[in-house]
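Trainee: Okay, predicted coordinates and the sequence, questions at the end:
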Number of protein chains: 2
Amino acid sequence: MTAGAYTGKDMLSIKDIARQVGTSPSTVSRVVNGKAHVNSKKREQILKLIKETGYVPNKAARSMVLQRSFAVGIVVPDTFNLFQQELFSIIERRLESLGYHTLFFFTKLGLSNEEDCLRRLSMEKLDGVIILQEMHLPGFFEYFSRTALPVVASTCKYHEYPTVGVNEKQAAFEGVNYLISLGHKKINMISGIGFAFGTRRTEGYYEALTFNGITPDESRVSSVQYYTAEFGMYGMSEMLQKSRDFTALFTANDELAIGAIRVLRDEGIRVPEDVSVLGFDDIYMSNYIVPRLTTIRQPINEIGEQAALALHQNITGVPGSAGFDIELPHRLVIRESTAPLSPSTTKAAGVYKEIPC
Amino acid sequence: MTAGAYTGKDMLSIKDIARQVGTSPSTVSRVVNGKAHVNSKKREQILKLIKETGYVPNKAARSMVLQRSFAVGIVVPDTFNLFQQELFSIIERRLESLGYHTLFFFTKLGLSNEEDCLRRLSMEKLDGVIILQEMHLPGFFEYFSRTALPVVASTCKYHEYPTVGVNEKQAAFEGVNYLISLGHKKINMISGIGFAFGTRRTEGYYEALTFNGITPDESRVSSVQYYTAEFGMYGMSEMLQKSRDFTALFTANDELAIGAIRVLRDEGIRVPEDVSVLGFDDIYMSNYIVPRLTTIRQPINEIGEQAALALHQNITGVPGSAGFDIELPHRLVIRESTAPLSPSTTKAAGVYKEIPC
DNA sequence: ATGAAAGCGCTAACAT
DNA sequence: ATGTTAGCGCTTTCAT
């Protein structure tokens, strides 16, 4: 079998390097992997040749003997919202700097879709997995356990694996509490279905009301199918048809808020003069839209950073690093979409100071 | 060397399956790969066992003997804008359905960063590469040529490789032409540096002016560092300090437009009553912000679809498929951020009908 | 139709 | 310090 059989992938191997220097593959391997026990003159020589020829070790071969892939999987929902997209970018970069490749696993809701995802995931000998959505197929957990695969969840909780994120319920609680402190009592909420984060945020909403002696009213809460601006519009439209008797709105994420504001505007309802709107996440756009969105900020950089790091530590077995949940601080970012109840006020009052970004 | 040496990754191999069925690895391999020449009874038996045990072939091993990775790389700029993020998602999904994994390669501007990117890229025996930004390091092209790696560019042009996207210059031309048809003559532009797409769109702007007998004025054009809302704000602020004598603005992408509108608002300048704003890309958000953005739509789904498909065809060597640029139709989407020059008019006039999304 | 054997490029254990 | 050897899991001739 000669080289001619291949389609031009004339990549040179460790043997080629060894031969050209007049040494053995083992020595070259030692040099490539920065190991000791190699004559420094020979080392220089090899390094030089590697640079000249542009030799790079074949990952598949390495992967095979080392029994690892240098790749981590990241499981993301098919409904990949802006916050998750931003988070993914951060995690990906951090992982990359730690020497991993990131393999994407989009998953649609539904067991059969998850099955497909698991099948693909298990073909790779992944070094670890980061999860941005809860999976419901038992096979996942079985696979993770059986293969003792390091797993960390982020912005969601998955079995006993460590998770990094904010305390969403508490954050929502504080956000709604702020709305109440502004004088609002008739506070509606738009949430979504399918993911637990919507539920946790809704719980915070209910608790804040109860805590302040306001009787929660389920008819004030609407759950839409996806956490998108489009569905924020649907949710708001539907809500307005039922009743206009509310002065504030809390949405489970910023995209829903953006859609809701859109409908409010179209209906001639002013934000924040007539209705205050509070989002969650603080996606990049929230600071640029009209009106600038008041929202609960997740420290996305830290979350991504910590998630990547936690996984890395789990993979490399840093002692004492495994198994701990990391709760990062959220922050209420007060901008222009919320205002005191008083109908004459135009802007968010000076009681609360804007927290610098 | 017994199994106990491993860290719990007790994955079974093709040999295990073979032994349990009482046959040879070759036969199992044939079954797994759906090849002929295997007794149908034995085939069933093997298939059954595979399902029961959850056996999946080891990709690294396959990769090694097949001399391919089943992975395609996608090179994206470090400044990963919303349009590119959306496009990436689409491409990733399509590629996934074609049986590839997608490996991310973020690249910062600058030769040394590109070098690093190339080094990582060449470690994988990629089946192909999709490029969303021009690379300037000659090493890339050398590597692609030498290894005869299938490459397709999207939303950018790279050497002689096929590209899929819209005719940006023409699209910008038409957009600005629309602004002019609305009566605008004093049309400013905010573009960005670093990527050729900004240049192409700027060219279209200049040509439209010239075409309509308006003398281009370089002081009306400002180039900012990044194509983000934040820099759209910077660009607009700077512009306003120089002169308020313009009635329309064209931005090189939607995010710049969003930032520019933000500043206009803050300055009490109404959009579109005082200044019409036209974007480019039609990112998801553009249809939900206040005011809804008039913009030039790139058919993002088709672009992603075609890019993935073109690469796949190049990889599998579909005859006659290689080397052709695919130009997809753009479309001016008229929403609320543009209006006729007449200062009394509030909304985009009825001359142009809104094109349905 | 099936099995034996070679080999993909690399690393690690074992000699020397 | 360095080379030899075995083997990671798979596919693919080549026999049979």
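Mentor: Looks like it came in fine.

Trainee: pretty sure A:Ala252 contacts A:Phe280?
Mentor: Yes. Between A:Ala252 and A:Phe280 there is a contact under Cβ atoms under 8 Å: 6.0 Å. All C-beta atoms are positioned from the backbone trio N, CA, C, and that covers glycine.

Trainee: When the two are compared, which one has more neighbours?
Mentor: A direct count of neighbours by other Cβ atoms under 10 Å in any protein chain shown for A:Ala252 and A:Phe280 places A:Phe280 higher, at 32 against 29.

Trainee: Could you list the low-pLDDT ranges of chain A?
Mentor: Along chain A, segments meeting pLDDT under 70 span A:1-10, A:319-322, A:343-357.

Trainee: Just the strands from it, written as ranges.
Mentor: Assigned by DSSP state E, chain A shows strands spanning A:71-77, A:101-107, A:128-131, A:151-154, A:163-165, A:187-192, A:221-224, A:248-251, A:276-281, A:294-297, A:326-327, A:331-333.

Trainee: hang on, the earlier thing: show me whatever sits in contact with both of A:Ala252 and A:Phe280.
Mentor: The overlap between the contact sets of A:Ala252 and A:Phe280 (Cβ atoms under 8 Å, 6 or more residues apart in numbering or on different chains) consists of A:Arg201.

Trainee: Mind putting the strands of chain A into a markdown table with distance to B:Gly22?
Mentor: As requested, the strands of chain A are arranged in a markdown table below (distance: least, Cβ to Cβ, whole Å):
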| stretch | distance to B:Gly22 |
| --- | --- |
| strand A:71-77 | 35 |
| strand A:101-107 | 35 |
| strand A:128-131 | 35 |
| strand A:151-154 | 37 |
| strand A:163-165 | 46 |
| strand A:187-192 | 53 |
| strand A:221-224 | 55 |
| strand A:248-251 | 61 |
| strand A:276-281 | 57 |
| strand A:294-297 | 62 |
| strand A:326-327 | 50 |
| strand A:331-333 | 64 |
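
Trainee: among those strands, which is nearest A:Phe141?
Mentor: When the strands of chain A are compared by Cβ to Cβ, strand A:151-154 sits nearest A:Phe141, at 9.1 Å.

Trainee: which outside residues touch that closest one?
Mentor: With Cβ under 8 Å, 6+ apart as the test, strand A:151-154 has contacts from A:87, A:91, A:128-132, A:144, A:158, A:161-165, A:303-304, A:307, A:310-311, A:314.

Trainee: Stretch A:110-125 too?
Mentor: A:63, A:67-69, A:71, A:73, A:75, A:78, A:103, A:105-107, A:129, A:135-137, A:139-140, A:143, B:9, B:11, B:54, B:56-60, B:96, B:101.

Trainee: Thought A:Leu209 was touching A:Lys216, still the case?
Mentor: Let me fix one detail, which is that residue A:216 is Pro and not Lys. Yes. Counting by Cβ under 8 Å, A:Pro216 does reach A:Leu209; the two are 4.8 Å apart.

Trainee: Up against chain B, what does the stretch 51-200 of chain A have?
Mentor: Residues of the stretch 51-200 of chain A lying close to chain B by Cβ under 8 Å from any Cβ of the partner chain are A:54, A:56-61, A:63-64, A:67, A:69, A:80, A:82, A:85, A:89, A:92-93, A:96, A:101-104, A:106, A:119-120, A:122-125, A:146-148.

Trainee: And these, which of them are buried?
Mentor: A:56-61, A:63-64, A:69, A:80, A:82, A:85, A:89, A:92-93, A:96, A:101-104, A:106, A:120, A:122-125, A:147 (16 or more other Cβ atoms under 10 Å in any protein chain shown).

Trainee: on that earlier part again, narrow the residues of the stretch 51-200 of chain A next to chain B to those in helices?
Mentor: A:59-61, A:63-64, A:82, A:85, A:89, A:92-93, A:96, A:119-120, A:122-123, A:146 (DSSP state H).

Trainee: Surely A:Tyr100 and A:Arg68 touch.
Mentor: No. With contact defined as Cβ under 8 Å, A:Tyr100 does not reach A:Arg68; the gap is 10.1 Å.

Trainee: Which residues are in contact with each of those two?
Mentor: A:Asp127.

Trainee: coming back round to it: near DNA strand D too, which of the residues of the stretch 51-200 of chain A next to chain B?
Mentor: Residues of these in contact with DNA strand D (Cβ under 7 Å from any atom of the strand): A:Ala61, A:Met64, A:Gln67.

Trainee: if I pick the second one, what's in contact with it?
Mentor: With contacts defined as Cβ under 8 Å, 6+ apart, the neighbours of A:Met64 are B:Asn58, B:Ala60, B:Ala61, B:Met64.

Trainee: switch to 7 Å and redo it
Mentor: A:Met64 makes contacts with B:Ala60, B:Ala61, B:Met64, as judged by Cβ atoms under 7 Å, 6 or more residues apart in numbering or on different chains.

Trainee: so the first one touches A:Ser63, yeah?
Mentor: If I follow you right, that is B:Ala60. Yes. With contact defined as Cβ atoms under 7 Å, B:Ala60 counts as touching A:Ser63 (3.9 Å).

Trainee: which neighbours do the two share?
Mentor: With Cβ under 7 Å, 6+ apart as the test, B:Ala60 and A:Ser63 both reach A:Ser69, A:Lys125.
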